[in-house]
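S.K.: no sequence for this one, just the structure:
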């Protein structure tokens, strides 16, 4: 008798599972959460069914990456040493402020940091053309930062302070110290805060289309999704808050043909793999 009861319970359980797997999900009847990894970095989203052929997803994706390096500052070191040797009052003021009195003691390397700005919210609709198949189309929007890559450089404090003192005596010495970075015919000057910056800007609102396999709201408790598509971010632009940096980058990149290539790269390819779990 006990064996029969157990067998009946197992059969009922199987029938319930099969009927649930085959029946259509109603709008907002279930809620699922997905964890993804792909070319947009790592992400989290939630999904609900809208119709047997549609599901709605919303979430966030980020790619936390940064890179640091250094670059040399054009500082006219020989002129600094000549002036300090010729004018004792300048040398004394440097000493009083605890600053180097010789160019060899001065740190002339600026720190440069590049950050990838792939941080986006997303609103997507999955379209399932076949009721029983997990193949689907995806359409929607990614909304996020407009700076795809941002670069910032910090001038060493000593260089800025020594420059200010030397320029106080420019009428006496006849020399103006323009602290910055010399690149070809350009001299990139530090702004008032001692910083330089540049960025590659794209559209903050980016349409997306793609296709994939797997359901965003799985019929069973756990499922997987694979997806690939393209995000339309528009033509990238090189920008900087410092006019000389902006002119240099745009002129040099235009001359080398890089801007022509950038004008054609208006999409970002996307591939992702996701683990999905249905909460209810």
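M.R.: Thanks, I have it. Keep in mind it's a predicted model, so treat the numbers as computed, not measured.
S.K.: so which residues of this structure form helices?
M.R.: According to DSSP state H, the chain carries its helices in the segments 2-22, 77-86, 88-96, 157-168, 170-173, 243-255, 258-264.
S.K.: would you single out the least confident of these?
M.R.: Lowest mean pLDDT of these: helix 2-22, a mean of 40.
S.K.: okay, now the unreliable bits of the protein?
M.R.: Within the chain, the stretches with pLDDT under 70 are 1-24, 71-76, 177-196, 242-263.
S.K.: quickly list what the most centrally placed residue in it is bridged to.
M.R.: The centroid of the chain falls nearest to residue 117 when counting by Cα atoms, centre = their mean (1.5 Å). Using DSSP bridges, the bridge partners assigned to residue 117 are residue 64.
S.K.: confirm for me that it is in contact with residue 201.
M.R.: No - counting by Cβ atoms under 8 Å, residue 117 stays clear of residue 201, with 9.3 Å between them. Quick note: C-beta positions are derived from backbone N, CA and C, even for glycine.
S.K.: so what sits against both of those two?
M.R.: Residues within reach of residue 117 and of residue 201 at once, by Cβ atoms under 8 Å, 6 or more residues apart in numbering, are 146, 147, 148.
S.K.: make a markdown table out of those residues and add distance to residue 88 and neighbour count.
M.R.: A markdown table is the format used below for the shared contacts of residue 117 and residue 201 (distance: Cβ to Cβ, whole Å; neighbours: other Cβ atoms under 10 Å):
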| residue | distance to residue 88 | neighbour count |
| --- | --- | --- |
| 146 | 52 | 18 |
| 147 | 48 | 18 |
| 148 | 52 | 18 |
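S.K.: out of those residues, which sit inside strands?
M.R.: Judged by DSSP state E, the subset of those located in strands is 147, 148.
S.K.: ok, so of the shared contacts of residue 117 and residue 201, who is nearest residue 166?
M.R.: For the shared contacts of residue 117 and residue 201, the residue nearest residue 166 by Cβ to Cβ is residue 147; the value is 35.0 Å.
S.K.: surely that closest one meets residue 117?
M.R.: Yes - the pair residue 147 / residue 117 is scored as a contact, 4.5 Å apart, by Cβ under 8 Å.
S.K.: hang on, isn't residue 239 packed against residue 197?
M.R.: No - in terms of Cβ under 8 Å, residue 239 does not count as a neighbour of residue 197; the distance is 9.1 Å.
S.K.: re the thing from before, for residue 66, see how far away the residue nearest to the centre of the chain is.
M.R.: Taking Cβ to Cβ, to the nearest Å as the measure, residue 117 falls 10 Å from residue 66.
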